[in-house]
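Participant: Here is my input, please return the structure:
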Amino acid sequence: MLEDKINADIKAAMLAREQDRLNALRAVKSAILLLKTEKRGGDITEEMEVKTLQRLVKQRKESAEMYKAQNRYDLCEEEIRQMEVIARYLPQQLSEAEITEALKELIAANNISGIKEMGKLMGIATRHFAGKADNQTVSAIVKQLLV
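Facilitator: This next block holds a predicted model:
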């Protein structure tokens, strides 16, 4: 379970005095605890954990871009380091070539012919690539294939 792995890694980061890694892991633990309290003590699924991790990575990425735009490179680097630590707990992401091939198969299987059906394809693709690909990347490739 992810929570047990995070707790063990927090201990290891404390012993190694790795502050950036420790901060990122504490953020993950906090997000998981919040998820559990929302579920009123119920079990959380692996899919919910992955979505939470993806949200945390996305937040770090957006923060890093904002800091970079404001010439705050010290804070930008910190966000990037935390993003990299959190991303290690996500499933392996598909490459653009793998996404393109899978999308071509989905287009053929669902008889999608033009850009007007992009919403339909994105709905199918979002479920198909859940946790394995970033929706922004998928959307960009879908646009290329349907135009």
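Participant: so the residue positioned nearest the centre of the chain is in which element?
Facilitator: Centroid-nearest residue in the chain: Gln54, 2.4 Å away (criterion: Cα atoms, centre = their mean). Applying DSSP states H and E as the criterion places Gln54 in helix 46-69.
Participant: if we can go back for a sec, check whether the residue nearest to the centre of the chain really touches Gly131, as I assumed.
Facilitator: Yes - using Cβ atoms under 8 Å, Gln54 is in contact with Gly131, at 7.1 Å. Any C-beta I mention is one placed from the backbone N, CA and C, and that applies to glycine too.
Participant: any common contacting residues for those two?
Facilitator: Residues touching both Gln54 and Gly131 (Cβ atoms under 8 Å, 6 or more residues apart in numbering): Leu90.
Participant: before we move on, back to that, disregarding flanking residues, what is the spatial nearest neighbour of the residue nearest to the centre of the chain?
Facilitator: Leu90 (6.7 Å; Cβ to Cβ, 6 or more residues apart in numbering).
Participant: And that neighbour, what's its pLDDT?
Facilitator: The pLDDT attached to Leu90 in the predicted structure is 88.
Participant: Also Thr52?
Facilitator: Per-residue confidence at Thr52 stands at 90 (pLDDT).
Participant: is it true that it touches Leu35?
Facilitator: Yes - Thr52 is within contact range of Leu35, at 5.7 Å (criterion: Cβ under 8 Å).
Participant: Which one of these two is surrounded by more residues?
Facilitator: Neighbour count, other Cβ atoms under 10 Å: between Thr52 and Leu35, Thr52 has more, with 19 against 16.
Participant: contacting residues for the more buried one?
Facilitator: Applying Cβ under 8 Å, 6+ apart, the residues near Thr52 are Val28, Ala31, Ile32, Leu35.
Participant: Give the ChimeraX command for selecting the buried subset of those.
Facilitator: Selection of buried members from the contacts of Thr52 for ChimeraX, criterion 16 or more other Cβ atoms under 10 Å:
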select :28,31,32,35
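Participant: what domains does the record give for the chain?
Facilitator: As assigned by automatic domain parsing, the chain contains the domains 2-87, 96-146.
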